[in-house]
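**Q** Pasted the sequence and its predicted model underneath.
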Amino acid sequence: MISVKEPSSYWWLRRRKYIAIFLRELSSVFILSYVLLYLLILAQLESGGRGLVSQFATVPFVGLSITLLTFSLYHSITWFLLLPRIQPMKIGKVVLSGKLALIANLGGLVVASLLIASLVYGVQIPSGR
């Protein structure tokens, strides 16, 4: 009879690459909590309540926000690094290298963020004149 060894629950800790993949997948949970937290805050503001808004300046809330932002940035950056492998970016017949595709994607992210910030916060985007 052949004995089969059960795989360890911590197999993903054996390689740095596996840890990075695990953390990227785990970061989705943090992004979800980030979105739900801010939806809850918006709902409270809309109903006239100030429950969570009064907590913005507290150390735990700032720490939580920094942690959630860190996971969000990690998820976004690693996703943008994977995009050229998953779906190569083509302009005409030219296929962009991974670095150029990353720069194009991050540039699009910056432009979209500036547009959203201008709509939400009234930030003036310099026109270059």
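**A** Alright, I've got the coordinates. On a predicted model such as this, the values are computed, not experimentally measured, just so you know.
**Q** Neighbouring strands - and their directions - for the helix or strand of the chain at the bottom of the mean pLDDT ranking?
**A** The weakest-scoring helix or strand in the chain, judged by mean pLDDT, DSSP states H and E, is strand 90-91 (a mean of 78). If you go by DSSP bridges, strand 90-91 pairs up with strand 94-95 (antiparallel).
**Q** Secondary structure element for the most centrally placed residue in the chain, which one?
**A** Nearest residue to the geometric centre of the chain (CA atoms, centre = their mean): residue 72, 2.8 Å. In the assignment (DSSP states H and E), residue 72 maps to helix 59-86.
**Q** One more: residue 99?
**A** helix 98-121.
**Q** Now that helix: buried residues?
**A** For helix 98-121, the neighbour count (16 or more other CB atoms under 10 Å) marks 101-102, 104-105 as buried. C-beta coordinates here come from the backbone N, C-alpha and C atoms, glycine included.
**Q** and if you look at stretch 70-88?
**A** Applying 16+ other CB under 10 Å to stretch 70-88 flags 71-72, 74-76, 80, 84 as buried.
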